[in-house]
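>>> this one's structure only:
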Ligand code: OSB
Ligand code: MG
């Protein structure tokens, strides 16, 4: 699908980066670790017209992917931002080619791209959703539930989210915390829309265990094997009735095309950070839609900035499964935007204002900032 409403050029005067620490309402545990505070980088693009905001979704440690906060901070300040400031005047769709010579670092690039795109769209009065091709004004909201102390604590946590109205539950699993946890949720809540996420914790040698999940009628199993295991995921998919969905492995539209060719996945989780930006995310959406492969919008515990952008992305027509686009309150008591995303009848609204359609709360931003740097041309 072509970009619906083109974003004009901006004159980039500078870029500000901040490391923020946002306390989580409760610790979040996955197969790769536990976090109690979300460390994230917020980007502000200073242009001759509007300021634009973006978010670099790296975590403190390289456990989900090879990227991590200090690495993203360094590559952005040392290489990416200077290359952008050198160009000065550029259209949002040209940012990718300026950053292209630098290998990898997709989350860092995605955050910078979003800030420039937001500045451009705000100056032109175009909402991000309209720019990307959104066809809905709200999106169904799923929730990602971390590993709890034991299966009964998991049931309690899931009950709370169902009571709030979340329309789909995803539980995190790891070896030893898979079958019993899933069984406990199925036993307690019956036929709810349920899926599991392994965050790469298994190998093909675990195929028999993973096949036991087939009896639970899950929507999908997300990323059971390693990021670079496209062939093993294809073998596993042959042995499971549960649809295999890829997250970590899908680092670009090329990786998505390869995964579909190999039969590594029948569903794809799209995260703009992981794939290097919202425009690349739309490309993956387009190719999956053409191939009849359902996609859904993943999350990285975004602040109100990334959360607004994810709602816009998830409103594209190929996003036919509920995403991890939950209310801000799922993770935070206090967000950095003035109107954090809320759950209404199991849905999150797509902002309608220009750009991201959310405003930054300067006091909250300042309170949570632990490091700040500005580069100007
Ligand atoms: O694998 O989807 C994941 C959070 C951090 C890193 C990886 C993942 C997650 C989540 C949370 O599952 C998704 C969310 O932001 O709600
Ligand atoms: Mg995942």
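Done, it's in. From a predicted model like this one, the values you see are computed outputs, not experimental measurements. Numbers count the residues shown, from 1 in each chain. Ligands and ions are numbered 1, 2, ... in the order given.

>>> what separation is there between residue 93 and residue 105?
19 Å (Cβ to Cβ, to the nearest Å). Just so you know, the C-beta spots here come from the backbone N, C-alpha and C atoms, and that holds for glycine as well.

>>> go on, residue 241?
Residue 241 is 38 Å from residue 105, where distance means Cβ to Cβ.

>>> in terms of neighbours, single out the busier of these two.
residue 105 (22 against 10; other Cβ atoms under 10 Å).

>>> enumerate the residues of the stretch 101-250 of the chain near ligand 1.
By Cβ under 6 Å from any ligand atom, the residues of the stretch 101-250 of the chain that approach ligand 1 are 144, 197, 199, 247.

>>> so which of the residues you listed are in strands?
Judged by DSSP state E, strands contain the following of these: 144, 197.

>>> where does residue 148 fall, secondary structure wise?
Residue 148 belongs to no helix or strand when assigned by DSSP states H and E.

>>> what's the neighbour count on it?
Neighbours of residue 148 (other Cβ under 10 Å): 21.

>>> which parts of the chain belong to which domain?
Split into domains by automatic domain parsing, the chain comes to 10-125+360-376, 130-349.

>>> okay, these in TSV with mean pLDDT next?
Supplementary listing: these in TSV, determined by pLDDT from 0 to 100:
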stretch	mean pLDDT
domain 10-125+360-376	97
domain 130-349	98
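
>>> that's a helix at residue 238, yeah?
Yes: the assignment for residue 238 by DSSP: H, G, I helix; E, B strand; the rest coil puts it in a helix.

>>> I'd like the distance between it and residue 231.
Separation of residue 238 from residue 231 (Cβ to Cβ): 11 Å.

>>> between the two, which one's more packed in?
Using other Cβ under 10 Å as the criterion, residue 238 and residue 231 rank with residue 231 on top: 13 against 10.

>>> in what helix or strand does that one lie?
helix 230-239.

>>> just give the closest residue to residue 194, not the sequence neighbours.
residue 169 (5.2 Å; Cβ to Cβ, 6 or more residues apart in numbering).

>>> and the next helix or strand past the helix or strand hosting the one you found?
Using DSSP H and E, the element containing residue 169 is strand 168-172. Counting by DSSP H and E, the next helix or strand C-terminal to strand 168-172 is helix 179-189.

>>> what residues of that following helix count as buried?
For helix 179-189, a neighbour-count test (16 or more other Cβ atoms under 10 Å) marks 179, 181, 182, 184, 185, 186, 188 as buried.

>>> from the residues you listed, which is closest to residue 256?
residue 182 (27.1 Å; Cβ to Cβ).

>>> now do the contacts for the closest one.
Residues near residue 182 by Cβ atoms under 8 Å, 6 or more residues apart in numbering: 171, 173, 194, 196, 213, 216, 218.

>>> in a markdown table: those residues, plus distance to residue 86 and neighbour count.
Below are the contacts of residue 182 laid out as a markdown table (distance: Cβ to Cβ, whole Å; neighbours: other Cβ atoms under 10 Å):
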| residue | distance to residue 86 | neighbour count |
| --- | --- | --- |
| 171 | 46 | 25 |
| 173 | 46 | 25 |
| 194 | 49 | 21 |
| 196 | 46 | 25 |
| 213 | 51 | 21 |
| 216 | 53 | 16 |
| 218 | 49 | 22 |
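
>>> got CSV for the residues you listed, with distance to ligand 2 too?
Shown next, in CSV, are the contacts of residue 182 (distance: Cβ to the ion, whole Å):
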residue, distance to ligand 2
171, 11
173, 11
194, 15
196, 10
213, 16
216, 18
218, 14
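
>>> tell me the one among those nearest to ligand 1.
residue 171 (9.9 Å; Cβ to the nearest ligand atom).

>>> how about the residue lying closest to the closest one once chain neighbours are set aside, what does it touch?
Leaving aside its chain neighbours, residue 171 sits nearest to residue 145 (5.0 Å; criterion: Cβ to Cβ, 6+ apart). Going by Cβ under 8 Å, 6+ apart, residue 145 touches 154, 157, 158, 161, 169, 170, 171, 172.

>>> biggest separation within those, which pair?
For the contacts of residue 145, the farthest-apart pair by Cβ to Cβ is 161 and 172; their separation is 13.3 Å.
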